[in-house]
Each structure stands twice: as C-alpha cells, then as structure tokens.
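**Q** the following block contains a protein sequence and its predicted model.
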Amino acid sequence: MRRTAIAALCLAAAATAGLTGCHSGQDKADGKPKGPFAGLSGGQIADRALKATTGASSLRMKGDVADDGSKGTIALDMALNKKGECAGTMSMGGQGKADLVKTGDTVYMKYDEAFLRAQSDGESKADTDAAVGMLAGKWAKMAVKGQDAKDIAGFCDLDSVLAGADDVSSDATRGRTATVDGTPAIVLHEKDGKDRYTLYVATEGKPYLLRVDSSSGAKEPVHLSFTDYEKPVPARKPAGKVVDLDALGG
C-alpha cells in the first residue's frame, strides 16, 4: 500500500475540520432567532460540531476523498477509535478493494487481485503475479514497527486523524435544515478561495458532524459521512491462516 494513500486519507479527514470562510449568519424571523441552535451563528455551530466530533471516542468514516498521489479518488469505509483500533475497507480509483484491521500492535490486511495489480504498477509481470498468488484474497499481517505499518496504524488512531480539528475558528454560514441517514441536521456553508464546503451537523443529541462535502476547481470532490459515534470498533484478529509479511521480509 502506498504511503501517499494513507497520507491522503489523513489529510482529507483534517480538511473536513480545517475550514476558514468569509461570513457568519443565523436564522431569524421577525428579528428573533428560531429553530435548532437558535441565536448561534453558523461559525459557532461549526465550532461546537468540531468539538463534539473530536471528543468522541469512536466513529465510522465513509466516503470518497482525493488521492494527491494518483490524482484519483479513494473510497473508504472505516470505523476507528482513540485506542488506535480500526476496521474497514478502502479502494483506490475504483481498482479493487482492501480490507484493513488494526488491533493491538498488529495490522491485518486483505487485498483482492484487482487492488494488488493496480498497486503493482511498474513491477515486472512475474513479481506482480507472484504477489497476487501469495496475497490475493488472503489475510496478511505486519507488526507496527516498520514505516509502512506505522503509516497505516497512524490512520487508525482517531486522535491522529482529527488532530487540530478542535482548535478551529469557523465562519460558516447557516443554511437549511436537512436529514442525514434519518438524523435531523442543519446545513452550514464555508468557502476558502475556490474551495467550497458543505457541513451537516446533528440538531438532536450531541452536535456531531454527520457529513462533509467539498469541491474545488483543481481537485476531485470530497464526500465524507460520520456515523456510529461511540460504538465499539469491530477490530478482531482474522480467523484462519494469516500470511506473516514480517517473516517473509526477514
């Protein structure tokens, strides 16, 4: 797995929080605040959402983000927590899928053939065929000590993924109300130069961030949803035979 892919995921998560905009606003009727978060500006709501989101012990992140390395898109569906555990899937440019689990000091991965072949660009056919034969459809593991494993493990740590997101002063503008996967939400809008952001914040319970959409003239759009707050992460050691990549490398 390319290090740029993991970096792109981390940066995408940070980008959902590191927003700076132009104007703040609030909903009013006859001069009086109304509706969810009455009397609060869009920026104040965004700040509360970021504080609640970064305060969560676990969540699930799902969506599409831009990969600066390949100029393509990474699709991910990952549950992660502040214990450094994660479990989920990812694909790059629509070329195959990889399953990922990190528990304790071990990272487990399972790639399909399409993913392995796409990530073997530049390798000889013999080397690529050998990797496919050894790894496709099988679980493999690495101890969190090598650089590649550390990069992956870093993404599995919720604190690392959302680092700095709780120290942002937002100038979002309030928009309409909406529903995200059955949860009532308020829509906030941000802009930074050519970049445009739309945030959906829960209006019931804690003001968690539910979804972020962003667009830029130079990059692929980003769409990320945040669900399963405070739920256990299903990070379990895969059953059956697991290929030990550390042993093969040694």
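**A** All right, it came through fine. From a predicted model like this one, the values you see are computed outputs, not experimental measurements.
**Q** from now on I want contacts and neighbour counts done on CA atoms only, so please keep to that.
**A** OK.
**Q** in this protein, where is pLDDT below threshold?
**A** 1-36, 67-71, 164-169, 217-220, 249-250 (pLDDT under 70).
**Q** can you show me the strands along it?
**A** Assigned by DSSP state E, the strands in the chain fall at 28-29, 32-33, 58-67, 72-81, 86-92, 98-103, 106-111, 139-143, 173-180, 183-192, 195-202, 209-215, 222-227, 243-244.
**Q** what would these look like in JSON lines with distance to G154?
**A** Below are those laid out as JSON lines (distance: least, C-alpha to C-alpha, whole Å):
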{"stretch": "strand 28-29", "distance to G154": "43"}
{"stretch": "strand 32-33", "distance to G154": "42"}
{"stretch": "strand 58-67", "distance to G154": "15"}
{"stretch": "strand 72-81", "distance to G154": "11"}
{"stretch": "strand 86-92", "distance to G154": "10"}
{"stretch": "strand 98-103", "distance to G154": "10"}
{"stretch": "strand 106-111", "distance to G154": "11"}
{"stretch": "strand 139-143", "distance to G154": "13"}
{"stretch": "strand 173-180", "distance to G154": "29"}
{"stretch": "strand 183-192", "distance to G154": "28"}
{"stretch": "strand 195-202", "distance to G154": "25"}
{"stretch": "strand 209-215", "distance to G154": "22"}
{"stretch": "strand 222-227", "distance to G154": "19"}
{"stretch": "strand 243-244", "distance to G154": "20"}
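**Q** quick check: which of the ones you listed is nearest to S160?
**A** Nearest to S160, of all the strands of the chain, is strand 72-81, at 10.1 Å by C-alpha to C-alpha.
**Q** indicate which one of the strands of the chain is closest to A118.
**A** That would be strand 86-92 among the strands of the chain, by C-alpha to C-alpha, at 8.6 Å.
**Q** show me what that closest one is packed against.
**A** If you count contacts as 3 or more C-alpha pairs under 8 Å, 6 or more residues apart in numbering; DSSP states H and E, strand 86-92 packs onto strand 72-81, strand 98-103.
**Q** how far off centre is it?
**A** How far strand 86-92 lies from its chain's middle: 10 Å, per C-alpha atoms, centre = their mean, to the nearest Å.
**Q** what do you get for stretch 238-250?
**A** 27 Å.
**Q** kindly report the same for stretch 93-104.
**A** Relative to its parent chain, stretch 93-104 has a centroid offset of 13 Å by C-alpha atoms, centre = their mean.
**Q** what sits up against that stretch?
**A** With C-alpha atoms under 8 Å, 6 or more residues apart in numbering as the test, stretch 93-104 has contacts from 72-75, 84-91, 107-116, 118, 153, 156, 235-237.
**Q** list the buried residues of stretch 226-242.
**A** 226-227, 229, 233, 235, 237, 242 (16 or more other C-alpha atoms under 10 Å).
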